[in-house]
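> 3D model of this:
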Amino acid sequence: MTVSVYSKAMVLYNEKKYVEALSAFRNSLELGNDKSAYGLALCMKLGNGMFVDERSAKLLIDGYLERIEKCAREGDSEAQQVMGLYYADGLFAPVDREKAAFWLEKSAAQGDKYSRRRLKELKG
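As a prediction, this is how the structure comes out:
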């Protein structure tokens with residue numbers, strides 16, 4: 001099984017290797033992986049690997065959210081994970097545990113371990 005550029009970027013981000021993650025998210029986005037907009041926006045909003053730029057982060061995620069959700073509805077497990085995190089984290093929209101669980105369950109059902117872990121945390 002090959003690991004996507006987005007997945008590699010998320011691993012780097014979760015390992016707190018923010019500068020490397022930021023670069024990986026940018027590269028992935030340039031390759032057309034819309035899901036990476038969430039990771040890039042996260043870095044921008046929280047200042048991980050760069051300066052804090054909340055306004056640009058919100059504009060970035062708002063610009064890609066519709067496309068990410070479309071991919072999620074079509075069964076893309078990484079897009080489902082992103083949608084789950086979008087609603088679980090509450091960084092760009094109000095927390096919606098029901099929507100977060102919906103998307104994380106879909107991603108976890110396809111074998112995504114990170115989604116499975118976040119779903120378990122969400123359900124307490």
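> give me the element the residue most central in space within the chain is part of.
Ranked by distance to the mean C-alpha position of the chain (C-alpha atoms, centre = their mean), the top residue is Val82 at 3.6 Å. For Val82, the element it lies in under DSSP states H and E is helix 77-89.
> Okay, buried residues for that helix please.
Residues of helix 77-89 classed as buried: 77-88 (neighbour count, 16 or more other C-beta atoms under 10 Å). For glycine as for every other residue, the C-beta is placed from the backbone atoms N, C-alpha and C.
> Same question for stretch 17-32.
17-18, 20-22, 24-25, 28-29.
> the helices in the protein, which residues?
For the chain, the helices defined by DSSP state H cover 5-14, 18-30, 36-46, 54-73, 77-89, 97-109, 113-123.
> could you give the angle of the helix holding Val82 to helix 97-109?
150 degrees (axes from the mean of the first three to the mean of the last three C-alpha atoms, to 10 degrees).
> by contact count, what packs against helix 77-89?
Where contact means 3 or more C-beta pairs under 8 Å, 6 or more residues apart in numbering; DSSP states H and E, helix 77-89 is packed against helix 36-46, helix 54-73, helix 97-109, helix 113-123.
> how near is Cys71 to Gly49?
Separation of Cys71 from Gly49 (C-beta to C-beta, to the nearest Å): 25 Å.
> ok, now Ala109?
On the measure of C-beta to C-beta, Ala109 and Gly49 end up 31 Å apart.
> Those two: which has the busier surroundings?
Gly49 (20 against 13; other C-beta atoms under 10 Å).
> related to what we said a few turns ago, take the helices and strands packed on helix 77-89 and lay them out in CSV including distance to Val5 and mean pLDDT.
Shown next, in CSV, are the helices and strands packed on helix 77-89 (distance: least, C-beta to C-beta, whole Å; pLDDT from 0 to 100):
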stretch, distance to Val5, mean pLDDT
helix 36-46, 7, 93
helix 54-73, 15, 94
helix 97-109, 17, 98
helix 113-123, 16, 94
